[in-house]
Structure formats: C-alpha cells, structure tokens
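Participant: Show me how the following folds:
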Amino acid sequence: MTQPKIIGLTGSIGMGKSTVAAMFADAGIPVFDADAEVRAMQGAGGELVPAIEAAFPGSTGPDGVDRDRLGHQVFADPAALARLEAIVHPAVAARRAAFLARHHDKPAVVFDIPLLFERGGHASADIIVVVSAPADIQRARVLARPGMTREKFEHIVSLQLHDSEKRARADHVIDTGTSLAETRAQVAALIASF
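Facilitator: Okay, here's the model as predicted:
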C-alpha cells in the first residue's frame with residue numbers, strides 16, 4: 001500500500017496556520033488538525049476527560065476539560081505539563097494513524113501540528129511547511145483573542161521553537177503577513193509543485 005506525501009504544517013501561535021490549513025483543505029488535500037482532535041477528546045464525553053480528571057482533580061466539568069482550571073494546574077509546572085502530554089500525545093498519535101489509514105489513497109495529506117518540531121513530528125513528514133508572519137502582526141493577532149494576556153502569550157511563545165529557527169528548518173515558508181489572496185496564491189503554488 002502506498003502512502004500519501006505527508007506535509008507537516010506548523011507555525012508559532014498567531015502566525016495564521018489554521019487559515020493556511022483551511023486553504024489546503026479547500027484545495028482538496030485532507031488535513032489532520034491536531035488541536036481540533038485534542039479539543040474533541042477533551043470536550044463533553046471526550047475519551048480523555050476521565051484520565052485528565054484523575055491526574056488533575058477539579059480540572060473537568062460537564063463540558064469536559066475546563067481549559068482555564070487545567071491551565072492553572074500545568075501553566076508553570078513542567079512536570080505537570082509532562083504528565084498531561086503523556087495522556088494526550090498517544091491519543092493524538094492514534095487518531096493521526098487512523099486518519100492516514102483513511103486517506104491512504106490520496107496523493108498528499110497535511111498534518112497540522114503546532115509543536116511539530118518541538119515534539120519530533122517533523123521526522124515523519126516528507127515536506128515541512130512553516131507558516132510565518134512578522135512578530136508585530138503575530139503579537140497583535142494573539143492579543144486580540146478573547147482571554148489572552150501578554151503573560152499567556154509570552155509563556156506560549158517560550159514553549160515553542162523560535163519562528164526564525166522554524167523558518168530555517170522548513171522546506172517551504174508561507175508568509176501570512178500579506179493579504180489573504182497573496183497567502184492563498186502561495187499555497188496554490190506550493191500544491192502545484194508537488
């Protein structure tokens with residue numbers, strides 16, 4: 001059985017990765033969205049809710065994981081974050097494998113993974129695409145999100161490989177500091193090159 005070309009799509013918070021992923025999907029390339037899978041598994045009735053509650057008492061409720069309460073328990077505690085990741089990452093990997101099996105006959109698929117380099121996922125990708133924008137645009141986008149603070153933003157950025165390092169390690173960089181039409185043209189040109 002042949003396997004599709006795996007496009008590893010990544011980018012730091014606020015760089016426009018979700019927008020670019022949607023552009024790939026609009027072009028007919030199946031997209032595995034790791035964040036969306038995590039949200040589903042942590043939502044009401046989600047398969048990870050019992051394990052997360054057991055590891056982090058009081059972090060869940062009727063709607064599943066309460067991200068704020070869980071965040072308070074893991075925000076500044078690397079050991080707690082590692083415990084959470086040990087619950088979440090294997091489940092995401094299983095869903096990613098099932099996605100790949102469902103789309104085995106496609107010429108290409110996208111793995112949309114925010115921490116692609118940080119968690120070693122780049123090793124399984126055939127092509128690495130990094131979504132990037134100037135730092136001032138990134139900051140403005142993120143700080144405009146509901147509930148986001150400078151402290152949260154800086155903490156998230158501190159957990160991610162620096163944008164310049166991601167760009168240096170990329171096979172392709174999609175610049176989202178431009179118009180949506182220009183970004184879409186970059187994605188179309190990249191798809192045409194496969």
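Participant: Next secondary structure after the worst-scoring helix or strand of the chain on mean pLDDT?
Facilitator: When each helix and strand of the chain is scored by mean pLDDT, DSSP states H and E, helix 150-159 comes last, with a mean of 86. Following helix 150-159 in sequence order, the next helix or strand is helix 163-169 (DSSP states H and E).
Participant: Contacts for that next one, please.
Facilitator: 10, 11, 12, 15, 117, 122, 128, 130, 132, 135, 138, 173 (CB atoms under 8 Å, 6 or more residues apart in numbering). All C-beta atoms are positioned from the backbone trio N, CA, C, and that covers glycine.
Participant: hmm, try it at 10 Å
Facilitator: For helix 163-169, the external contacting residues (CB atoms under 10 Å, 6 or more residues apart in numbering) are 10-12, 15, 116-118, 122, 128, 130-135, 138, 157, 160-162, 173, 175.
Participant: what's the answer for stretch 54-64, then?
Facilitator: Stretch 54-64 has contacts (CB under 10 Å, 6+ apart) with 39-46, 48-50, 52-53, 65-74, 80, 83-84, 86-87.
Participant: go with 8 Å
Facilitator: For stretch 54-64, the external contacting residues (CB under 8 Å, 6+ apart) are 42-46, 49, 52-53, 65-66, 69-70, 73-74, 80, 83-84, 87.
Participant: Just the buried residues out of those, in PyMOL syntax.
Facilitator: Here the buried members of the contacts of stretch 54-64 are turned into a PyMOL selection, burial being counted by 16 or more other CB atoms under 10 Å:
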select buried, resi 42+46+49+52+53+65+66+70+73+74+83+84+87
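Participant: in the chain, which spans are strands?
Facilitator: 5-10, 31-33, 60-61, 64-65, 108-112, 127-132, 172-175 (DSSP state E).
Participant: can you tell which of these is closest to residue 96?
Facilitator: Closest approach to residue 96 among those (CB to CB): strand 31-33, 5.6 Å.
Participant: Residue ranges of each domain in this structure, please.
Facilitator: 1-30+109-194, 33-102 (automatic domain parsing).
Participant: which of these sits most buried?
Facilitator: domain 1-30+109-194 (a mean of 17; mean count of other CB atoms under 10 Å).
Participant: mind putting the strands of the chain in a markdown table, mean pLDDT and distance to residue 182 included?
Facilitator: A markdown table is the format used below for the strands of the chain (pLDDT from 0 to 100; distance: least, CB to CB, whole Å):
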| stretch | mean pLDDT | distance to residue 182 |
| --- | --- | --- |
| strand 5-10 | 94 | 18 |
| strand 31-33 | 95 | 21 |
| strand 60-61 | 93 | 42 |
| strand 64-65 | 95 | 37 |
| strand 108-112 | 94 | 20 |
| strand 127-132 | 95 | 13 |
| strand 172-175 | 96 | 8 |
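Participant: Any idea which of those strands gets closest to residue 191?
Facilitator: strand 108-112 (7.9 Å).
Participant: Which helix runs longest in the protein?
Facilitator: Scanning the chain for the longest helix, with DSSP state H as the assignment, gives helix 78-102.
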